[in-house]
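In: fold the stuff below for me.
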Amino acid sequence: PQFAAYLGTPTRARGYPPFAGQHALIIEVAPGLAIERVTDLALRSVPGIEPGILFVERQFGVLEVHADSLDDVSRAGQAVLDGIGAKAEEQLLILDTADVRYTFTSHGGGLKLAELKHFPKIVGNRKVTDPSRVVTLNTKAPVAAMTLLGGEAIQGDGLFTLAKSEKGVRAEKLLPTGLRIVKQFTPGTNYLMQVSVWLENTGGQAISLPAQEWVFATATPINPLDKGPLMKVSWFENGSSSSVAESYFENATLGCFPGTPRKEHEVVGKFAWAAAQNQFFTIVAVPKQPPEKLVTHRIALPTHDPADVPEGDKAFPSPFGFQSAFVYPGQALQPGGTNAVHREFALYVGPKEYQTLARLGKQMNNELDLIMDYGGFFGFFAKALLLSMNGLHSFGLNYAWCIIAITVIIKLLFWPLTAISTRSMKR
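Out: Prediction:
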């Protein structure tokens, strides 16, 4: 901040400050003379980049470079890191909405964490008293949501440049092959976020893209006591929904005798949506361009934060999650912006509220409410009871009185059958 203030003061700054709309990179090193090596690396790697200020002291040296192109600035920064044998630290960017606080990471250029502001974190029967501790999704997942996996040709070093845009957050990366990856995250209402991704060949020759796994989310435990029985990955395809859970990966014989654990689940189809979920919350991805496969990996997660474990309770020692990804086939990507691959997704990051999911499912025409598992014989009655409780709750009754009222109504409805049965028993 101090250097930015210095740079922005025309009466004090000596050099060539960037103009509005240009992209700038500020580098500070120690000792001061090391800045000469940094300057050489940056300017030799990208001749078109312009140095703005070079400031050298005995202990520290500062260099500012800028260009019209974000790619040029990113390449210069990477050349400096490569030349001095260093790695970029993780860059985080936080975007707040009325319902969700999104944390984006430069590692993979995706969504690292989602915090649901209106849902305090609850462990067991105890509510965590700190109001800042809320329910989180994709918690401690090793891969950010909307990360592309597929080897060196599609990932490179995995580091993206993050920036806020007019619509939300933009993540961008240029690989040595000339492949540019741009992701635009645009949050909306009702826990929705629109994601657009472009793969563009900026070089002069075709690029052979391998098959890619587009990780859309990882199902993670709801709290430290969660052993994962209700975590799963669901999907909707050809008018019906299916899911995979821990029982598949355990692969126990007859459900009780230990078997050979599975690490991966793969299903082929044209998917309208897929969801990574725990008992009460979910991340749903709705692809505009249907993928050819859905792949789910069972992964180990870091141990839980001790601050989330109430006194007297014991956290589950081996937390795990289900990392799920859409798979798109490999292809030859021709040069030019008109040949760019463009994929779009709608992400729902929020609670498993039936009315919200049903409304969105109706808008998208994809039966999104099937995430609630209200299909089948028993699901019909579960849905009827839920709708009844929500209907009574809308008149101002709390849910305790709603349950009592529904119990009385059911008793009254079945009273004729009960009376007939009682008279028959007396005979």
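In: ranges for the helices of the stretch 301-427 of the chain?
Out: 354-364, 376-393, 399-413, 415-426 (DSSP state H, counting those that start in this stretch).
In: ignore what I typed, I meant the chain.
Out: Secondary structure of the chain (DSSP state H): helices at 2-7, 35-45, 70-84, 152-155, 246-250, 354-364, 376-393, 399-413, 415-426.
In: tell me which of these sits nearest to residue 211.
Out: Of all the helices of the chain, the one in closest proximity to residue 211, counting by Cβ to Cβ, is helix 152-155 (9.1 Å). Where you see a C-beta, it was placed from the backbone N, CA and C, and this is true even at glycine.
In: output the contacting helices and strands for the closest one.
Out: Helices and strands touching helix 152-155, by 3 or more Cβ pairs under 8 Å, 6 or more residues apart in numbering; DSSP states H and E, are strand 147-149, strand 207-209.
In: between the helices of the chain, which one is closest to residue 111.
Out: Here helix 152-155 is closest among those (Cβ to Cβ), at 17.0 Å.
In: using CSV, list the CA coordinates for the closest one.
Out: What follows is helix 152-155 as a C-alpha-only set of coordinates in CSV (Å, rounded to 0.1, in the frame of the first residue of the first chain):
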residue,chain,number,x,y,z
GLU,A,152,1.1,-30.9,-17.8
ALA,A,153,-0.5,-29.9,-21.2
ILE,A,154,-3.6,-28.6,-19.5
GLN,A,155,-2.3,-27.7,-16.0
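In: how close does the closest residue to residue 280 other than its chain neighbours get to residue 242?
Out: Nearest non-adjacent residue to residue 280, counting by Cβ to Cβ, 6 or more residues apart in numbering: residue 352, 5.7 Å away. From residue 352 across to residue 242, the span is 17 Å (Cβ to Cβ, to the nearest Å).
In: who has more neighbours, these two?
Out: residue 352 (19 against 14; other Cβ atoms under 10 Å).
In: just checking, the more buried one touches residue 372?
Out: Yes - using Cβ atoms under 8 Å, residue 352 is in contact with residue 372, at 6.1 Å.
In: can you list the helices and strands packed on helix 152-155 in a markdown table and add mean neighbour count and mean pLDDT?
Out: Formatted as a markdown table, these follow (neighbours: other Cβ atoms under 10 Å; pLDDT from 0 to 100):
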| stretch | mean neighbour count | mean pLDDT |
| --- | --- | --- |
| strand 147-149 | 23 | 96 |
| strand 207-209 | 17 | 94 |
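In: nearest to residue 51, out of the ones you listed?
Out: strand 207-209 (31.7 Å).
In: where does pLDDT dip in the protein?
Out: 1-15, 124-131, 375-381, 383, 427 (pLDDT under 70).
In: tell me where the stretch 1-150 of the chain has strands.
Out: 23-29, 50-56, 61-67, 92-96, 100-105, 110-120, 122-123, 126-127, 134-137, 147-149 (DSSP state E, counting those that start in this stretch).
In: for those strands, give me CSV that also has distance to residue 420.
Out: Converted to CSV, these look like this (distance: least, Cβ to Cβ, whole Å):
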stretch, distance to residue 420
strand 23-29, 81
strand 50-56, 91
strand 61-67, 86
strand 92-96, 61
strand 100-105, 54
strand 110-120, 47
strand 122-123, 45
strand 126-127, 47
strand 134-137, 49
strand 147-149, 63
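In: wait, which of those is closest to residue 16?
Out: strand 50-56 (4.9 Å).
In: which parts of the stretch 251-400 of the chain are strands?
Out: Going by DSSP E, counting those that start in this stretch, the stretch 251-400 of the chain shows strands at 264-268, 273-277, 281-287, 293-300, 320-328, 331-333, 341-351.
In: what residues does the fourth one touch?
Out: Think strand 293-300. Applying Cβ atoms under 8 Å, 6 or more residues apart in numbering, the contact partners of strand 293-300 are 141-142, 213, 218, 233, 235, 244, 246, 249, 261-269, 271, 274, 318-327.
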